[in-house]
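Trainee: turn this into a structure:
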Amino acid sequence: MNLLKISDVKALAVSKLSRPVMMLVKNSPEILIVAGITGVVVATVMACRATLKVNEVLADNDDDLNNIHHVHETVTPTEPERYSEEDYQRDLAITYVKRAMIFLKLYGPSIVVGVLSIAAIVGSHHILSRRYVGVMAAYNVLAAAFTKYRKRVVEELGEEKDLQFRRGVHREVIEGEVVNEKTGKIKKVKKEVDTFKGSPPSEYAKFFDEGSIKWTKNADYNLSFLGIQQQFSNDLLKSHGHLFLNEVYDMLGLPRTSAGAVVGWVFNAGGDDYVDFGIYTPINADFVNGYERSILLDFNVDGLIWDMI
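Mentor: Numbering: from 1, shown residues only. Alright, predicted model coming up:
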C-alpha cells in the first residue's frame, strides 16, 4: 500500500480549496458590505442595551461620588487633617477612572463591532475602487486598439468601408430592369446596393419610432427634428467639450441606459470631434426619402469618456 507524499497532500488540499477561496475573493465586496451593514445594526442594538443598564451599573459609583463630596463639604477649616484637599482630588480622580472603566465595559463591545463594521464597508469600497480602475484600464486598452484598427482600415480601404464594417452594412450586386423611354425595350442592368443584415449595428443603436415621445406620424417632421437635434448635439459638444450619450437620448425622447452614462464624445481628444446619428446611411434611405417614419439610429460615440473629461 503506497502512502501519499506530503507534496501530494499539499497539492490535493490546494486543488480542493482553490475554488472556494477564489469564490470568496471574487465576492469579497458583497460579503464585506453585508457584514458591515449587519455589524452596524448589531452595534446599535448593543449600544441601546448597554444604555438601559447604565443607571443600574453606575449606582455604586454615584454613591461613592456623593460620599466624597459630602465628606469634603462637611470638613471645617479648623480640622483640615480630617480630609485634606489632596485626598479629595485623589479620590475624585480614582472614582472618575472607575466610572470611565464602567462606560468602557458597557459600550466597549458595541464600539469594537461598530469600528469593525465601518472597516468592512470601507474595505468593500476600496476593493470595488481598485477593480473599477482595473476595468477602466482594460477598457482603455481595448478602445485604443479598436481606434488604431479603424485608422488602419480607413488608410487602407477608405472611410466608406470603415463605416460599412462598423455599421454592419453589406454591399451586394443585384439585377434590375430599365425601360428605354424611346424604344420601350427592357434592359437588364446590375447595380450595387448597401443592405443591412443581422442584429443592430452597435449596442448604442436605438430605434426612433413610436416608443419616443418626440416621434410623430409625419416623416418629414421626424427627419427635420433629428437633423436639428444632431446639430444641437454638435453645438453642445463644442461648447462643453464633452457630451454623454444619455444626454442625446434625452433630446430624442429615448430611455437612458447604464452605458450611456459613461460613453459619449469628447472634443479635441483624438475622436471624430462631431456627433453623427447615422441618419444619412444607405440603410436609412427609405426614411430620408420619406417612405418610412421610423429610423434606426447608430451613434458614432468615441467610447468611454468618463476618465477623459
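Trainee: output the below-cut-off pLDDT ranges for the stretch 201-309 of the chain.
Mentor: Within the stretch 201-309 of the chain, the ranges that satisfy pLDDT under 70 run 201, 309.
Trainee: excluding chain neighbours, what is closest to Ser117?
Mentor: Take Ser117 and drop its neighbours on the chain: the residue closest to it by Cβ to Cβ, 6 or more residues apart in numbering is Gly39, 2.8 Å away. C-betas here are computed from N, CA, C, even on glycine.
Trainee: which neighbouring elements make contact with the helix or strand where that neighbour lies?
Mentor: Per DSSP states H and E, Gly39 falls inside helix 28-57. Contact here means 3 or more Cβ pairs under 8 Å, 6 or more residues apart in numbering; DSSP states H and E; on that basis helix 28-57 packs against helix 85-157.
Trainee: wait, what's in contact with Phe267?
Mentor: The contact partners of Phe267, taken as Cβ atoms under 8 Å, 6 or more residues apart in numbering, are Leu237, Lys238, Gly241, His242, Asp273.
Trainee: wait, is the first one part of a strand?
Mentor: Same thing as Leu237. No. Using DSSP: H, G, I helix; E, B strand; the rest coil, the secondary structure at Leu237 is helix, not a strand.
Trainee: shouldn't it be in contact with Trp265?
Mentor: Yes. With contact defined as Cβ atoms under 8 Å, Leu237 reaches Trp265; the gap is 5.3 Å.
Trainee: mind listing the shared neighbours of those two?
Mentor: Common neighbours of Leu237 and Trp265 (Cβ under 8 Å, 6+ apart) are Leu243, Asp273, Tyr274, Val275.
Trainee: so who does Trp215 touch?
Mentor: Contacts of Trp215 by Cβ under 8 Å, 6+ apart are Phe208, Asp209, Asn222, Gly253, Arg293, Ser294.
Trainee: would you list the phi and psi of it?
Mentor: Torsion angles at Trp215 (phi, psi; degrees, to the nearest 10) stand at phi -80, psi 150.
Trainee: what of the one 10 residues further on?
Mentor: In terms of degrees, to the nearest 10, the main-chain angles of Phe225 are phi -60, psi -50.
Trainee: that one: what's its closest spatial neighbour, skipping adjacent residues?
Mentor: Closest residue in space to Phe225, ignoring its immediate chain neighbours: Lys214 at 6.5 Å, by Cβ to Cβ, 6+ apart.
Trainee: quick one, what contacts that neighbour?
Mentor: Counting by Cβ under 8 Å, 6+ apart, Lys214 touches Phe208, Phe225, Met251, Leu252, Gly253.
Trainee: can you tell me how far it is from Leu296?
Mentor: Distance of Lys214 to Leu296, computed by Cβ to Cβ, to the nearest Å: 16 Å.
Trainee: same question, Val133
Mentor: 35 Å.
Trainee: between those two, which is the more surrounded one?
Mentor: Taking neighbours as other Cβ atoms under 10 Å, Val133 and Leu296 compare with Leu296 leading, 19 against 11.
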